[in-house]
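**Student:** have a look; sequence and predicted model below, questions after that.
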Amino acid sequence: MNPEEITLKIKNFAGQYVNTDNIEADTDLFASGMVNSLFAMQLVLFVEKEFGIKVENEDLDIDNFKSLDAIHLFIQRKLPVAS
């Protein structure tokens, strides 16, 4: 999966929960008040299901999920490297 596909999937998912059409990639979704803790749980489930990633306890750090950029980087780190 290429980076653009990952970004689009994340944006589409977040767009279901955020009341704006334009989410900046580096906006802190939680600090801005755009989302709440229920979104965080749904986000973790989405990442696991959509990308086939196991989110471990040590991965549950707000820095991994606070912005679209952070989520994207987290997913890229967790995806297996294609050979």
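**Tutor:** Noted; the coordinates are in hand.
**Student:** not counting sequence-adjacent ones, nearest residue to the residue positioned nearest the centre of the chain?
**Tutor:** Centroid-nearest residue in the chain, with Cα atoms, centre = their mean: residue 71, separated by 3.5 Å. Once flanking residues are discounted, residue 71 sits nearest to residue 10: 5.2 Å by Cβ to Cβ, 6 or more residues apart in numbering. From N, CA and C alone the C-beta is placed, and that goes for glycine too.
**Student:** what do you get for residue 62?
**Tutor:** Spatial nearest neighbour of residue 62, excluding adjacent residues (Cβ to Cβ, 6+ apart): residue 30 at 6.6 Å.
**Student:** quick one: neighbours of the one you found, just the number.
**Tutor:** 16 (other Cβ atoms under 10 Å).
**Student:** now do residue 36
**Tutor:** Using other Cβ under 10 Å, residue 36 has 11 neighbouring residues.
**Student:** go on, residue 14?
**Tutor:** Number of residues near residue 14 (other Cβ under 10 Å) recorded here: 21.
**Student:** for it, give me its contacts.
**Tutor:** With contacts defined as Cβ atoms under 8 Å, 6 or more residues apart in numbering, residue 14 is in contact with 23, 29, 35, 43, 68.
**Student:** centre of the chain to the strand or helix carrying the residue nearest to residue 71, how far?
**Tutor:** Assigned by DSSP states H and E, residue 10 belongs to helix 3-15. How far helix 3-15 lies from its chain's middle: 8 Å, per Cα atoms, centre = their mean, to the nearest Å.
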